[in-house]
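>>> Need coordinates for the following:
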Amino acid sequence: LELASAHLYTLQKNAVFVVHERRVNEQGLTRLRTDDGWISEDLNPLSGQRGPIVVPLPVAEALELASAHLYTLQKNAVFVVHERRVNEQGLTRLRTDDGWISEDLNPLSGQRGPIVVPLPVAEALE
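As a prediction, the model looks like this:
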């Protein structure tokens, strides 16, 4: 969780991984626990750089946002959508093989915009 822990390896750009826990460490940085250890969600501002390292896409057990969080998809992950529905909060949700994801950012979070971009089936399979 803390930055002083040993560095194990560096993930490749656009790697997909499961996040089991999200916590803020003593330095105030949001860290994500994966199968192998902890990674930072954003660059450390003390390094002189700012910005996201990972862009999580939570996969939930059910259509509603209050359902259990199963895991997180990484930016540019490709997945199959089996169903598209609007939940009680008015958010469009997509059913994947394993659970539900939001199509757009939740406006109550203070952010707006799409999270996923649909691809034609042939392009997604390349």
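
>>> how many other residues sit next to Arg112?
9 (other C-beta atoms under 10 Å). Glycine gets a C-beta too; all of them are placed from N, C-alpha and C.

>>> Name the nearest residue to it, ignoring sequence neighbours.
Distance criterion C-beta to C-beta, 6 or more residues apart in numbering; nearest residue to Arg112, sequence neighbours excluded, is Leu105 at 5.7 Å.

>>> for Tyr71, same thing?
The nearest residue in space to Tyr71 (C-beta to C-beta, 6+ apart) is Val18, at 4.3 Å.

>>> Helix or strand: which one has the one you found?
Applying DSSP states H and E as the criterion places Val18 outside every helix and strand.

>>> Report the buried residues of stretch 57-71.
Leu57, Pro58, Val59, Ala60, Leu63, Leu65, His69, Leu70, Tyr71 (16 or more other C-beta atoms under 10 Å).

>>> Widest-spaced pair of the residues you listed?
Maximum pairwise distance in the buried residues of stretch 57-71, criterion C-beta to C-beta, is 16.9 Å, between Leu63 and Tyr71.

>>> which residues sit against stretch 104-117?
Leu57, Leu65, Gln89, Leu91, Thr92, Leu94, Ile101, Ser102, Glu103 (C-beta atoms under 8 Å, 6 or more residues apart in numbering).

>>> May I see the buried residues of that stretch?
Ile115, Val116.

>>> hmm, back to that, can you check the pLDDT for the residue nearest to Tyr71?
At Val18, the predicted lDDT confidence score is 74.

>>> And the buried residues of stretch 57-71, which is closest to Arg85?
Closest to Arg85, out of all of those and judged by C-beta to C-beta, is Leu63, at 6.0 Å.
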